[in-house]
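*Asks:* Give me a 3D structure for the following:
(one chain, ligands or ions: 1)
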Amino acid sequence: MKRTKVSGFVSLILVVALMFAVVFGVKTISTPEPAAPAGGTAIEGAVDGTYTAVRKGFGGDITVDITIANGMIADVQVTGPNETEGLGSVAVEKLPAAILAAQSLNVDTVSGASVSSGAILEAAADCLAQAGIDASKLTGVAAADVEKTEETIDVDVVVIGAGGAGMTAAIEATQAGKKVVILEKMPYVGGNTTKASGGMNAAGTKMQAAAAEAAEDPEVKAAIEDSTVENYIADTMAGGHDINDPELVRTMAEKSSDAIDWLESIGAPLPTLAPTGGTVHYYLHEPEDGSAVGEFLVQFYNQKLDEMGIEVMLETEVTEIITQDGKAVGVKAESPTANLTVNAKAVVLATGGFGANFDMLASFDPSLANAVTTNTPAATGDGIVMAQEIGADTVDMEYIQLHPTVFQENGLLVSERLRSNGAILVNKEGKRFTNDLATRDAVSQAELQQPDAFAYIVYDSKYAEEKLYEKYVSNGLTVQGDTLEALAAEMGLEGDAVANFTATVEAWNKVCAGEAEDEFGRNNGLVSLDQAPFTAIKIAPGIHHTMGGLKIDTAAEVISTDGAAIPGLFAAGEVCGGVHGGNRIGGNAVADIVVYGRIAAQSACAYVDAQ
Ligand code: ADP
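*Replies:* Have a look, this model is predicted:
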């Protein structure tokens, strides 16, 4: 991927350029390597040498080494190999140079990576303290007052947002021979898509055909054979409480198999099947290595954009859609260094939802004002607001999904995959309380009725080798025990709750062995919990997906309040409403972004060709 800054910036002096490169993350000016500002004054009391400190990041230890030479910060090295790709890894990459250039710890952190950023800054403060420097007294190098340049670029298709939908659309439009640019407001690509934890739903795929053929268990075989397009439509509509736009759902379902083939054709296969939460069917297609689909796709897309030479302008926030005679003809955007006008023959909005915009959330549901969110801080509904400003209509805005298994300390989502693999939910009394694989809204509501409104997700070690499972342990989410009693102690269960808990797991294992009916009617993910060590994660509901958004048709055209398509404006992904109705079933976010990302690009290209 060619990540660019806005041109015309070269006249700024090196130090200022470096500061902006590192603080604001404009990638292309990261060469030459950032250096300390020349000719600075020595920090009072500083003792030359190299100092090391270690702090816990999001994915494990982060080590910071700071070298003080001539009384100044001369080198900063950060090692944090386990930080989340595209989030914490960005902090690991950017903060050292930012600290060096600013000669202080008073630098912008990477939003969305607060744990990693905080750990780096804490360890850096420790290093400075070892060198006799009180970090809090460092005022640093004053940021230069840079006057922004005015820039204009011309493209066929401008894509707003480098999440899953935007990157899909950009790849598809580039494959069709169009000149494409992606504008992304964050210093990294991926958006909420990075956090998609399960797989991608699809029906009628060759993987399903092969798995049905190979299945030995007759029930599993029947469930896979029944994972048809028509059942996928029915399950999506039922999960969405039948308020979804049926045509949008039909299009997603009918094109889902083709989307799986397309992913495979560009090198991102999802060959592993699993049952979809809230259904008994096997629509979920997952990466072979058991990694989360979001990280898998974002990492792959990122490389693909690079390989295809698709330009991505990071830290470039779109503020307005430009119209002419009622048609969308481009956008206005701002980067740290420039005011940008992009003239485009077609505009694709892929800015995601508003699950991190608490004012907007509370305007539809006041009870959400202080809830935990799984969303990236970028999910602020910008695309919805900008499109409304040029007359776009919205649908289903009041439908905001809570995900039932969110680690509350940091909003990290615990995948539905665990429950598909047999995990159960128990309350603090050690008891199950619901069909753990009912729809997300139903499970969330059941959790909120439990004592102190939380639960534990409990699982065994059958899948411990999978990347996803390893991540929960390395991220410090889990407690473990070699026996159920030991796990209960780690979970903090007391008194009767311990006996309840062991009895709960025994009862569950009987259901899995076919010796008893499940009292809550769970009929999928029937995998016994009998392989030590046992693991639990304390979870509660968190804001996850905003089902509502811009009104689109099956060609991903944005529909105005007067019912007509807005010429030149297309949208895909979470910025749109209608596909998921009142509740999105797991696996449909990725189906939505891949199917509609491609459709938006195809429609945009056809629109460009017709001009
Ligand atoms: P989807 O799943 O629909 O692709 P994501 O949340 O994954 O949505 O991605 C949306 C992307 O759009 C994020 O990377 C986000 O930072 C970006 N974005 C949101 N608002 C703007 C904006 N005003 N300008 C540029 N990028 C934006």
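
*Asks:* For the rest of this, base every contact and every neighbour count on C-alpha atoms.
*Replies:* Noted.

*Asks:* hmm, which helix or strand of the chain has the shakiest average pLDDT?
*Replies:* Here the helix or strand of the chain ranked lowest by mean pLDDT, DSSP states H and E is helix 14-24, holding a mean of 34.

*Asks:* Skip ahead from it and say which helix or strand is next.
*Replies:* Downstream of helix 14-24, the first helix or strand assigned by DSSP states H and E is strand 49-56.

*Asks:* What is that following strand packed up against?
*Replies:* Judged by 3 or more C-alpha pairs under 8 Å, 6 or more residues apart in numbering; DSSP states H and E, strand 49-56 is in contact with strand 61-69, helix 114-130.

*Asks:* which residues touch D496?
*Replies:* Taking C-alpha atoms under 8 Å, 6 or more residues apart in numbering, we find D496 in contact with E429.

*Asks:* whoops, L297 was the one
*Replies:* Contact analysis of L297 by C-alpha under 8 Å, 6+ apart lists 164, 194, 268.

*Asks:* That one should be in a strand, yeah?
*Replies:* No - counting by DSSP: H, G, I helix; E, B strand; the rest coil, L297 is not part of a strand but helix.

*Asks:* and it, how far is that from F407?
*Replies:* 23 Å (C-alpha to C-alpha, to the nearest Å).

*Asks:* For the contacts of L297, which single residue is the most surrounded?
*Replies:* Counting neighbours by other C-alpha atoms under 10 Å, G164 leads these with 32 neighbours.

*Asks:* Please compute how far stretch 107-120 lies from its chain's middle.
*Replies:* Relative to its chain's centre, stretch 107-120 lies at 17 Å (C-alpha atoms, centre = their mean, to the nearest Å).

*Asks:* That one near the ligand anywhere?
*Replies:* No - Stretch 107-120 lies apart from the ligand when judged by C-alpha under 6 Å from any ligand atom; the minimum separation is 10.3 Å.

*Asks:* Report the buried residues of that stretch.
*Replies:* By 16 or more other C-alpha atoms under 10 Å, the buried positions in stretch 107-120 come out as 107, 109-120.

*Asks:* same question, stretch 80-98
*Replies:* By neighbour count on 16+ other C-alpha under 10 Å, the buried set for stretch 80-98 is 80-98.

*Asks:* do the same with stretch 286-305
*Replies:* For stretch 286-305, a neighbour-count test (16+ other C-alpha under 10 Å) marks 286-287, 290-299, 301-302, 304-305 as buried.

*Asks:* now swap in stretch 118-138 and tell me
*Replies:* Within stretch 118-138, the residues that count as buried by 16+ other C-alpha under 10 Å are 118-128, 130-131, 133-135.

*Asks:* any idea which of the residues you listed is closest to the ligand?
*Replies:* Nearest to the ligand out of the buried residues of stretch 118-138 is G118 (C-alpha to the nearest ligand atom; 21.0 Å).

*Asks:* Contact partners for that closest one?
*Replies:* So G118 contacts 57, 109 (C-alpha under 8 Å, 6+ apart).

*Asks:* same check, this time on the one 4 residues further on
*Replies:* Neighbouring residues of E122 by C-alpha under 8 Å, 6+ apart: R55.

*Asks:* Straight-line length of stretch 393-402, end to end?
*Replies:* Here the two ends of stretch 393-402 are set 24 Å apart, with distance taken as C-alpha to C-alpha.

*Asks:* residue boundaries of the strands in the stretch 251-400 of the chain?
*Replies:* With strands called from DSSP state E, counting those that start in this stretch, the stretch 251-400 of the chain shows them at 272-274, 284-286, 311-313, 317-324, 327-334, 338-349, 394-395, 400-407.

*Asks:* would TSV of the ones you listed with mean pLDDT and distance to the ligand be doable?
*Replies:* Output for the strands of the stretch 251-400 of the chain, formatted as TSV (pLDDT from 0 to 100; distance: least, C-alpha to the nearest ligand atom, whole Å):
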stretch	mean pLDDT	distance to the ligand
strand 272-274	94	21
strand 284-286	96	17
strand 311-313	94	9
strand 317-324	98	4
strand 327-334	98	7
strand 338-349	97	8
strand 394-395	98	15
strand 400-407	94	14
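
*Asks:* would you turn those strands into a markdown table with distance to N370?
*Replies:* Below are these laid out as a markdown table (distance: least, C-alpha to C-alpha, whole Å):
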| stretch | distance to N370 |
| --- | --- |
| strand 272-274 | 34 |
| strand 284-286 | 32 |
| strand 311-313 | 33 |
| strand 317-324 | 26 |
| strand 327-334 | 30 |
| strand 338-349 | 28 |
| strand 394-395 | 24 |
| strand 400-407 | 13 |
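
*Asks:* Would you mind listing the outside residues contacting the helix or strand harbouring I224?
*Replies:* Element membership of I224, judged by DSSP H and E, is helix 218-225. Outside helix 218-225, the residues that touch it by C-alpha under 8 Å, 6+ apart are 208-209, 211-213, 215, 280-282.

*Asks:* give me the element V157 is part of.
*Replies:* Per DSSP H and E, V157 falls inside strand 149-160.

*Asks:* what residues does the helix or strand following that strand touch?
*Replies:* Elements were assigned by DSSP H and E; along the chain past strand 149-160, the next helix or strand is helix 164-175. Helix 164-175 is contacted by residues 157, 159-161, 179-182, 190-191, 193, 297-298, 301, 304-305, 308, 310, 348-351, 572-573, 590, 592-594, 596-602, 604-605 when judged by C-alpha under 8 Å, 6+ apart.

*Asks:* now could you export just the CA positions of helix 164-175 as PDB?
*Replies:* C-alpha atoms of helix 164-175 as PDB (Å, rounded to 0.1, in the frame of the first residue of the first chain):
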ATOM      1  CA  GLY A 164     -13.200  -3.900   5.900                       C
ATOM      2  CA  ALA A 165     -15.900  -2.400   3.600                       C
ATOM      3  CA  GLY A 166     -13.600   0.400   2.400                       C
ATOM      4  CA  MET A 167     -10.600  -1.800   1.700                       C
ATOM      5  CA  THR A 168     -12.900  -4.400  -0.100                       C
ATOM      6  CA  ALA A 169     -14.300  -1.600  -2.300                       C
ATOM      7  CA  ALA A 170     -10.900  -0.200  -3.100                       C
ATOM      8  CA  ILE A 171      -9.500  -3.600  -4.100                       C
ATOM      9  CA  GLU A 172     -12.600  -4.300  -6.300                       C
ATOM     10  CA  ALA A 173     -12.600  -0.900  -8.000                       C
ATOM     11  CA  THR A 174      -8.800  -1.100  -8.600                       C
ATOM     12  CA  GLN A 175      -9.300  -4.600 -10.100                       C
END
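
*Asks:* quick one: that helix to strand 149-160, angle?
*Replies:* Counting by axes from the mean of the first three to the mean of the last three C-alpha atoms, to 10 degrees, helix 164-175 lies at 100 degrees to strand 149-160.

*Asks:* and helix 164-175 with strand 338-349, angle?
*Replies:* Counting by the same axes, to 10 degrees, helix 164-175 lies at 90 degrees to strand 338-349.

*Asks:* buried stuff in helix 164-175?
*Replies:* 164-174.

*Asks:* ok, of those, which one's closest to E320?
*Replies:* Closest approach between the buried residues of helix 164-175 and E320, by C-alpha to C-alpha: G166, at 17.2 Å.

*Asks:* for the stretch 501-611 of the chain, what spans make up the helices?
*Replies:* 588-609 (DSSP state H, counting those that start in this stretch).

*Asks:* of all the residues in it, which ones are close to the ligand?
*Replies:* Contacts of the stretch 501-611 of the chain with the ligand, taken as C-alpha under 6 Å from any ligand atom, map to 573-575, 593.
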